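Peer 1: Could you look at this predicted model? Sequence included:
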Amino acid sequence: MTTAAIALVLIALLAYALERNHRRQQGPSSSLSGSRVGPPDRDLQRIAAELAQRRFDAETHW
């Protein structure tokens, strides 16, 4: 019985801490957050170049 009570208290404390942390989050820090403003995504450019090269190789090796 004591173990169940301790587990219940721990679960309640965890729920309280998570809710408190969730309420403290203010959301995006600026209005541009998530937009495409800034430097270009180099990974995206590299992957696009690799895929284009593979397509070219596949077409020329048939």
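Peer 2: Thanks, I have it.
Peer 1: contacts, neighbours, all on C-alpha from now
Peer 2: Fine.
Peer 1: For burial, what's the neighbour tally of residue 5?
Peer 2: Residue 5: 10 surrounding residues under other Cα atoms under 10 Å.
Peer 1: what's the longest helix along the chain in contact with?
Peer 2: Longest helix in the chain, counting residues (DSSP state H): helix 2-24. Around helix 2-24, nothing counts as a contact under Cα atoms under 8 Å, 6 or more residues apart in numbering.
Peer 1: so how far is it from its chain's centroid?
Peer 2: 25 Å (Cα atoms, centre = their mean, to the nearest Å).
Peer 1: mean confidence score for that helix?
Peer 2: Helix 2-24 carries an average pLDDT of 93.
Peer 1: continuing past it, what's the next helix or strand?
Peer 2: The first helix or strand that comes after helix 2-24 along the chain, using DSSP states H and E, is helix 42-60.
Peer 1: got the CA coordinates for stretch 2-15 in PDB?
Peer 2: Output of stretch 2-15 as PDB, limited to C-alpha atoms (Å, rounded to 0.1, in the frame of the first residue of the first chain):
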ATOM      1  CA  THR A   2       2.800   2.400   0.900                       C
ATOM      2  CA  THR A   3       4.500   1.700  -2.500                       C
ATOM      3  CA  ALA A   4       1.300   2.500  -4.400                       C
ATOM      4  CA  ALA A   5       1.000   5.800  -2.400                       C
ATOM      5  CA  ILE A   6       4.600   6.800  -3.100                       C
ATOM      6  CA  ALA A   7       4.200   5.900  -6.800                       C
ATOM      7  CA  LEU A   8       1.000   8.000  -6.900                       C
ATOM      8  CA  VAL A   9       2.800  11.000  -5.300                       C
ATOM      9  CA  LEU A  10       5.700  10.700  -7.800                       C
ATOM     10  CA  ILE A  11       3.300  10.600 -10.700                       C
ATOM     11  CA  ALA A  12       1.400  13.700  -9.400                       C
ATOM     12  CA  LEU A  13       4.700  15.600  -8.900                       C
ATOM     13  CA  LEU A  14       5.800  14.700 -12.400                       C
ATOM     14  CA  ALA A  15       2.500  15.900 -13.900                       C
END
